[in-house]
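>>> Next one to model:
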Amino acid sequence: MYHHQTVILAQNSTTFLQLSAKESSSLQRRIAETQFHASCKLLPLGRWFQLLSLISD
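Next up, the predicted model:
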């Protein structure tokens, strides 16, 4: 009985971690997009290409 509860708990925490990772990566992507759009407006062309090459790596 105790072992069964432990397995369920482990599965739940794994699922939670996976969901957290998804939310985190989506948030990071939105932050990166916002920074990218802001830099497109502010930076000269040479710097813009540097940024593009960083993103494509």
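>>> what pLDDT, on average, does the helix or strand containing residue 21 get?
Assigned by DSSP states H and E, residue 21 falls within helix 2-42. Helix 2-42 carries an average pLDDT of 73.
>>> Which neighbouring elements make contact with whatever helix or strand comes next after that helix?
Where DSSP H and E defines the elements, the next helix or strand beyond helix 2-42 is helix 45-56. The elements that helix 45-56 packs onto, with contact taken as 3 or more C-beta pairs under 8 Å, 6 or more residues apart in numbering; DSSP states H and E, are helix 2-42. The C-beta positions use only the backbone N, C-alpha and C, and glycine is treated the same way.
>>> hmm, 6 Å instead?
Identification of packing neighbours for helix 45-56 by 3 or more C-beta pairs under 6 Å, 6 or more residues apart in numbering; DSSP states H and E yields no helix or strand.
>>> Would you mind measuring from residue 39 to residue 51?
6 Å (C-beta to C-beta, to the nearest Å).
>>> who's more crowded, these two?
residue 51 (15 against 12; other C-beta atoms under 10 Å).
>>> Quick check: pLDDT value at the more buried one.
pLDDT, residue 51: 73.
>>> for it, what are its contacts?
With contact taken as C-beta atoms under 6 Å, 6 or more residues apart in numbering, residue 51 is in contact with residue 39.
>>> That one and residue 31: what is the separation?
Counting by C-beta to C-beta, the gap from residue 51 to residue 31 is 14 Å.
>>> And residue 38, by the same measure?
From residue 38 across to residue 31, the span is 11 Å (C-beta to C-beta).
>>> Pull the contacting residues for residue 56.
Counted by C-beta under 6 Å, 6+ apart, residue 56 has zero contacts.
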